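Visitor: Starting from these lines, generate the structure:
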Amino acid sequence: MAPKFSRRVPADLAPNRVTLALARLTAAGADIIDLTQSNPTEAGIEYPPGLLQPLAGPASMRYEPRPFGLHAARQSVSAEFSRRGRFVPPDRVVLTASTSEAYSLLFKLLCDPGEQVLIPRPSYPLFEHLAGLDSVVAVPYQLDYHGRWRVDLESVVAALQPSTRALVVVSPNNPTGSCLHHEDLSALSELAARRGFAIVGDEVFADYPMEDGRRWPSVLDADVALAFSLGGLSKSSGLPQLKLGWIAVSGPEALVAEALARLEIACDAYLSVSTPVQHAAGALLAAGAAVRSAILSRTRSNYGFLQEATSHFPSCQVLPVEAGWYAVLQVPASRTEEETVISLLCDAQVLVHPGYFFDFPREAFLVVSLLPPQGRFQAAVERLLQHVS
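Guide: Below is the predicted model:
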């Protein structure tokens, strides 16, 4: 008799049509321009020489397990928040191996099996999977677009149940590039304090505004409710392979103290963050300034080209991007998004994400990464616009 597998892992493992088409073309040697690229280490970004040398320091040979991470590394993360104009004491910083692990720890902290977390739509499609792995139910609330994206507060209220334990905010949002509005944060934090749930803010793209001098609220500003802000080296320094993330905690003192005490138990069970990356954290975050600058220059340049090129095609529209690495393109809905993406892949050799991957409320939207090298990006955008229009 075969073993039974958990329902926390999806039963349907079949690849979708886009994946199958891409595999066929790749096997045939096609030169696909990938506008879904999300890894800066493979996007032709210039990294400082010797960037990874701090990982080989002699301190990395000592194992010093700490549930929340080494104090020096937490101080370095605290300094990162100071750079962005927010004070987060090191003792309110929890180190993790990734943002995904941070979500898992917070779901364990806040939810019993079967309880709910609210997640935004449209947004990154990983949340339902992460929630399911912790036996938590992900319930959507809506973002509405009226010239800019805002939280549909009525949909939040409608989704709330006695079993709701957390609400996830993604700001800057992936893929819409939208940021949380001050009024929306105020309303959500007051609702969270009144109804007894926490706010989890995924703020990994906070360093990538499309305009200089722009600042948006952080969930750490929601001092009336328990809140957690997530970040990591993956975006802050363009180093996804080094696996260092963090959680910053804010809110009423008594709630913060209780949350940290309980979170320490969960973190102590895993001790997942490697010693070398913790000792190197300060140097990596400092060196990350050059990487951030290069990524920001790339994404702004590509976004500007996308806007200018699309202006010559009246049937297409680029939705405004406030921050991040992605842009959303609205195209004619003459066929389904899946058909559009597959035909674009097969006929123009350009790969993009369909909007339904991110739960857009209607068709037809295409999501493109702003990370690829400018020449490849521009060639792909020209092919894309010619094809869909």
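Visitor: if I pick Tyr208, what's in contact with it?
Guide: 172, 235, 292, 295-296, 299, 323-325 (C-beta atoms under 8 Å, 6 or more residues apart in numbering). Backbone N, C-alpha and C define where each C-beta goes, glycine included.
Visitor: ignore the last one, Glu115
Guide: Contacts of Glu115 (C-beta under 8 Å, 6+ apart): 136-137, 163-165.
Visitor: From Gly29, how far off is Leu230?
Guide: Using C-beta to C-beta, to the nearest Å, Leu230 is found at 40 Å from Gly29.
Visitor: Now do the same contact list for the closest residue to Asp221 other than its chain neighbours.
Guide: Among residues not flanking Asp221 along the chain, Leu185 sits closest, at 6.5 Å (C-beta to C-beta, 6 or more residues apart in numbering). Contact partners of Leu185, counting by C-beta under 8 Å, 6+ apart, are 169, 217, 219, 221-222.
Visitor: Try it again at 10 Å.
Guide: Neighbouring residues of Leu185 by C-beta atoms under 10 Å, 6 or more residues apart in numbering: 151, 169, 171, 199, 201, 216-219, 221-222, 227.
Visitor: all helices in the stretch 251-389 of the chain, in order from the N-terminus.
Guide: 253-270, 275-310, 337-348, 374-388 (DSSP state H, counting those that start in this stretch).
Visitor: so how far is the last one from its chain's centroid?
Guide: Same thing as helix 374-388. 25 Å (C-alpha atoms, centre = their mean, to the nearest Å).
Visitor: Could you tell me the model confidence score at Glu308?
Guide: Turning to Glu308, the model gives it a pLDDT of 98.
Visitor: I'd like to know how far it sits from Arg300.
Guide: From Glu308 to Arg300 the distance is 13 Å (C-beta to C-beta).
Visitor: Now do the buried residues in stretch 144-158.
Guide: 145, 149-153, 155-156 (16 or more other C-beta atoms under 10 Å).
Visitor: To Arg24, which of the helices of the stretch 251-389 of the chain lies closest?
Guide: Arg24 sits nearest to helix 337-348 of all these, at 8.7 Å, using C-beta to C-beta.
Visitor: Could you list the low-confidence segments of the stretch 51-200 of the chain?
Guide: Across the stretch 51-200 of the chain, nothing is flagged by pLDDT under 70.
Visitor: can you give me the helices in the stretch 1-150 of the chain?
Guide: 17-27, 71-83, 99-110, 127-133.
Visitor: Now mean neighbour count and distance to His279 too, for those, in TSV please.
Guide: Putting those into TSV (neighbours: other C-beta atoms under 10 Å; distance: least, C-beta to C-beta, whole Å) gives the following:
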stretch	mean neighbour count	distance to His279
helix 17-27	14	39
helix 71-83	19	7
helix 99-110	21	19
helix 127-133	18	29
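Visitor: Would you convert those helices into TSV that also reports distance to Gly375?
Guide: Shown next, in TSV, are the helices of the stretch 1-150 of the chain (distance: least, C-beta to C-beta, whole Å):
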stretch	distance to Gly375
helix 17-27	21
helix 71-83	32
helix 99-110	31
helix 127-133	34
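Visitor: care to break the chain down by domain?
Guide: With automatic domain parsing as the criterion, the domains of the chain are listed as 17-46+289-388, 53-286.
Visitor: Which stretch among those domains approaches Ala2 most closely?
Guide: Nearest to Ala2, of the domains of the chain and by C-beta to C-beta, is domain 53-286 at 21.7 Å.
Visitor: Pull out the buried positions in the longest strand along the chain.
Guide: Assignment by DSSP state E gives strand 137-145 as the longest strand of the chain. With burial defined by 16+ other C-beta under 10 Å, the residues of strand 137-145 counted as buried are 137-143, 145.
Visitor: Of Leu230 and Gly29, give the one with the bigger neighbour count.
Guide: Leu230 (24 against 6; other C-beta atoms under 10 Å).
Visitor: dump the residue contacts of that one.
Guide: Counting by C-beta under 10 Å, 6+ apart, Leu230 makes contact with 96, 98-103, 106, 168, 170, 200-204, 219, 245-248.
Visitor: now do Ser178
Guide: Ser178 makes contact with 120, 122-123, 143, 145, 148-151, 170-172, 216, 319-324, 328 under the criterion C-beta under 10 Å, 6+ apart.
Visitor: Quick one: neighbours of Asp112, just the number.
Guide: For Asp112, the neighbour count with other C-beta under 10 Å is 10.
Visitor: For the remainder of this discussion, apply numbering that starts at 853.
Guide: Got it, the first residue is 853 from now on, which makes the last one we talked about Asp964.
Visitor: which ones are touching Gln905?
Guide: 1132, 1135, 1139.
Visitor: Looks like the second one contacts Ala908 (just checking).
Guide: No - counting by C-beta atoms under 10 Å, no contact exists between Ala1135 and Ala908, whose distance comes to 11.4 Å.
Visitor: Between the two, which is the more surrounded one?
Guide: Legend: neighbour count by other C-beta under 10 Å for Ala1135 and Ala908, higher for Ala1135 (17 against 11).
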